[in-house]
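Chemist: This is a predicted model, with the sequence first.
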Number of protein chains: 2
Amino acid sequence: MKIRSVLSAAVLAVAATFASTQALAQDTYTLRLAETWGPNFPIFGDTTKRFAKLAEEMSDGRLRIRIDSSNKHKAPFGIFDMVKAGQYDMGHSASYYWKGKVPETLFFTSMPFGMTAVEQYAWFYEGDGMKLMQEVYGPHNLLSFPGGNTGVQMGGWFRKEIKSLDDLQGLKMRIPGFAGEVFAKVGVSPTNIPPGELYTALERNTIDAVEWVGPALDLRLGFQQIADYYYTGWHEPATELQFLINKDSWNKLPKDLQAILKTAMRVSAYDMLIQSQDANAKAWATIKEKYPNVQIKHFPDSVFKAMYKANNELLKEVAAKSDLAAKIIKSQEDYLKQTRAYTNISERAYLNTMAEVE
Amino acid sequence: MKIRSVLSAAVLAVAATFASTQALAQDTYTLRLAETWGPNFPIFGDTTKRFAKLAEEMSDGRLRIRIDSSNKHKAPFGIFDMVKAGQYDMGHSASYYWKGKVPETLFFTSMPFGMTAVEQYAWFYEGDGMKLMQEVYGPHNLLSFPGGNTGVQMGGWFRKEIKSLDDLQGLKMRIPGFAGEVFAKVGVSPTNIPPGELYTALERNTIDAVEWVGPALDLRLGFQQIADYYYTGWHEPATELQFLINKDSWNKLPKDLQAILKTAMRVSAYDMLIQSQDANAKAWATIKEKYPNVQIKHFPDSVFKAMYKANNELLKEVAAKSDLAAKIIKSQEDYLKQTRAYTNISERAYLNTMAEVE
């Protein structure tokens, strides 16, 4: 009896030492993530699922991400607040949704007449983008990271062709956010209508035009059945979604899991751009085949020039109200100018060459 | 005495059990990687360094990558063989270097008049690209992964302007690989000259023109000092480097380290595209400022059309010799056709709009 009890105590002590080292190495962290999107929302929702899977695989299960879609948390536009308050550890949304709350968040999604996806990632990762984004989010106890890019969003579905600025006067269009403000300045009446009601609103002429995303997501809503004119983009040339992390949740993670989390976000974001390109190309092929009524249109130069001027005026107003906004606008303008000069002699020149040759 | 020895044996047994679990979890794997590039080669070499750092951080040091540059292994174009033979676990190079050995490796870098970087990543990851690449590399006991993209490569530096096909006849140009064969078909004499001798060769008229990469890497070689005409690209619209892994080395890794390795490669490859965009834009700004002699030129339509035709003829010849090559060519052609139709209404339309508006 005595021997056994001494032995047990000693064994337990040794076991405890190893177990605690082991436990430290094997500690499991579950992060709760709230996303703006509903369950099974294509592409955007695939991005959070891919991110979660990758984080879990790379950490051998030590990092688990539990995703709640909007049907669960009921607050699609409450992500910022919920993650800030620590109700959720993470969020997946879009930075420009918070501009009413924190005006400087506007700049980290996509700006009218702004950078393309590759140019904007270069601004984030090789320019000042990431630094400026943390400067905006830091005071809210949040970290923000790029969360996936849609590529160039289309300019929207119109039931009548736009031949001049006159055709925009009083035109009722679903186009939210800053681009809506730009459109308002050139005579459009921007309205916001829940996605589920957009098709009927367009069909019944409650609105004359609707901007959504691009072929892959637009096709599902059926606009091609009731609108013939599909306009090329100008207002969101590279819409970047966003991962938000509560800083306390972040700080609790060991360094290797922080590295895994950060890399899983970064690669999932890039992957969404690639998935978007693939899905949009497939959907556009379907639209061309099944809806020969659909015509691609560009706005006339006079319209683009008026919108470009309106956009610059609005940016000046925003800059006048906030030094930080002014700093971000200048960083983006300078970066865009330099990077676009190169894009023009590389990607644009090549694509134009190919269009001539074929 | 007896009690102590029983106790020790029991403790040791328990300790051993924990230690072995612990050891398994903490096993360190060192992978030796040989790269084609010399030490401190910009961008390409940064990609392997970033990859190694990321793999190490995410694995908390369990995965270590030891990089040998070409000064060490002395075989810049022996990477395929060395990794196949297991002399190295990994390689960083470019797939088209192996076309003399395995003709079907040609297709996984960039093809003349082919896909752009985003389009090609979509083909790799959402289309059949990755599957076809493993079909080519599998029989050589190798896995191949995208290893970083340069973006659209420039068409090269010319000392005389090219105004027609006549100007290409007998023109001596450094342009290697398949693009060199295309150029040869329209009258150019392609030559290959070691990088270190290119500047002198161009200066002394040993060659009339030289193709290298893009502004960032070209600037270092100084061509802008002796050639005025910088042509836009057509021959390598999205040069993708390559990570190679010996399958036996891969199979020895636990699943979580495989996931870490794969993700570190994937994100480093994307990151190189972004770094290239940034570095090329900066270098192009420098060239414009300091070398006003440099003019951007496009080849005339007649030249592009002749090269396009020559390219298609050469592809037919390659396809006739190998069913697998024919299958890859068809996959790329079909994918390009669909994806470019979408690129034309999104990215290209947007870039052209911006060029008109500003």
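Modeler: Here it is on my side, so go on.
Chemist: got the contact list for A:F243?
Modeler: A:F51, A:M90, A:G91, A:H92, A:S144, A:F145, A:P146, A:G147, A:M265, A:A269 (C-beta atoms under 8 Å, 6 or more residues apart in numbering or on different chains). Quick note: C-beta positions are derived from backbone N, CA and C, even for glycine.
Chemist: Put the alpha carbons of stretch A:142-159 into PDB.
Modeler: Provided in PDB are the C-alpha atoms of stretch A:142-159 (Å, rounded to 0.1, in the frame of the first residue of the first chain):
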ATOM      1  CA  LEU A 142      -9.300  46.700 -33.200                       C
ATOM      2  CA  LEU A 143      -6.900  45.400 -35.700                       C
ATOM      3  CA  SER A 144      -8.100  45.400 -39.400                       C
ATOM      4  CA  PHE A 145      -6.800  43.300 -42.300                       C
ATOM      5  CA  PRO A 146      -7.700  43.000 -45.900                       C
ATOM      6  CA  GLY A 147     -10.500  40.400 -46.200                       C
ATOM      7  CA  GLY A 148     -10.900  39.600 -49.900                       C
ATOM      8  CA  ASN A 149     -11.400  41.500 -53.100                       C
ATOM      9  CA  THR A 150     -14.200  41.400 -55.600                       C
ATOM     10  CA  GLY A 151     -12.200  43.000 -58.400                       C
ATOM     11  CA  VAL A 152     -13.700  45.800 -60.400                       C
ATOM     12  CA  GLN A 153     -17.400  46.100 -59.600                       C
ATOM     13  CA  MET A 154     -19.700  46.700 -62.500                       C
ATOM     14  CA  GLY A 155     -21.400  50.200 -62.900                       C
ATOM     15  CA  GLY A 156     -24.800  48.700 -62.600                       C
ATOM     16  CA  TRP A 157     -28.000  47.700 -64.500                       C
ATOM     17  CA  PHE A 158     -30.000  50.400 -66.300                       C
ATOM     18  CA  ARG A 159     -33.300  50.000 -68.100                       C
END
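Chemist: do that stretch and chain B meet at all?
Modeler: Yes - Stretch A:142-159 comes into contact with chain B (C-beta under 8 Å from any C-beta of the partner chain), by way of A:G151, A:V152, A:M154.
Chemist: Just say helix, strand or coil for A:I296.
Modeler: Secondary structure state of A:I296, per DSSP: H, G, I helix; E, B strand; the rest coil, is strand.
Chemist: What is the burial count for the nearest residue to it once chain neighbours are set aside?
Modeler: Nearest in space to A:I296, with sequence neighbours left out and distances taken as C-beta to C-beta, 6 or more residues apart in numbering or on different chains, is B:I345 at 5.1 Å. A count of neighbours around B:I345, defined by other C-beta atoms under 10 Å in any protein chain shown, yields 23.
Chemist: just to revisit the earlier point, please narrow the contacts of A:F243 to those residing in strands.
Modeler: Residues of the contacts of A:F243 located in strands (DSSP state E): A:M90, A:G91, A:H92, A:S144, A:F145, A:P146, A:G147.
Chemist: Including distance to B:A319, neighbour count and pLDDT, could those residues go into CSV?
Modeler: What follows is the ones in strands among the contacts of A:F243, written out as CSV (distance: C-beta to C-beta, whole Å; neighbours: other C-beta atoms under 10 Å in any protein chain shown; pLDDT from 0 to 100):
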residue, distance to B:A319, neighbour count, pLDDT
A:M90, 48, 28, 98
A:G91, 49, 28, 98
A:H92, 44, 26, 98
A:S144, 48, 24, 98
A:F145, 44, 23, 98
A:P146, 40, 27, 99
A:G147, 41, 27, 98
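Chemist: Out of those residues, the closest to chain B would be?
Modeler: Of all the ones in strands among the contacts of A:F243, chain B sits closest to A:P146, with 10.7 Å by C-beta to the nearest C-beta.
Chemist: That closest one bridge partners, please.
Modeler: Per DSSP bridges, the residues bridged to A:P146 are A:Q242.
Chemist: gap between it and B:N40?
Modeler: 29 Å (C-beta to C-beta, to the nearest Å).
Chemist: repeat for A:P194
Modeler: Between A:P194 and B:N40 the computed distance is 56 Å (C-beta to C-beta).
Chemist: State the next helix or strand along the chain beyond the helix or strand of chain A with the lowest mean pLDDT.
Modeler: Least confident helix or strand of chain A, by mean pLDDT, DSSP states H and E, is helix A:2-26 with a mean of 47. Later in the chain than helix A:2-26, the nearest helix or strand by DSSP states H and E is strand A:29-35.
Chemist: next one: stretch A:194-211 to chain centre, how far?
Modeler: Centre-to-centre, stretch A:194-211 and its host chain are 23 Å apart (C-alpha atoms, centre = their mean, to the nearest Å).
Chemist: what about that stretch, how long is it end to end?
Modeler: Start and end residues of stretch A:194-211 are separated by 12 Å (C-alpha to C-alpha, to the nearest Å).
Chemist: for the record, mean pLDDT for that stretch?
Modeler: Averaging pLDDT along stretch A:194-211 yields 94.
Chemist: Also stretch A:333-347?
Modeler: On average, the pLDDT along stretch A:333-347 is 98.
Chemist: Could I get the buried residue list for that stretch?
Modeler: Buried residues in stretch A:333-347, counted by 16 or more other C-beta atoms under 10 Å in any protein chain shown: A:Y335, A:L336, A:Q338, A:T339, A:R340, A:Y342, A:T343, A:N344, A:I345, A:S346, A:E347.
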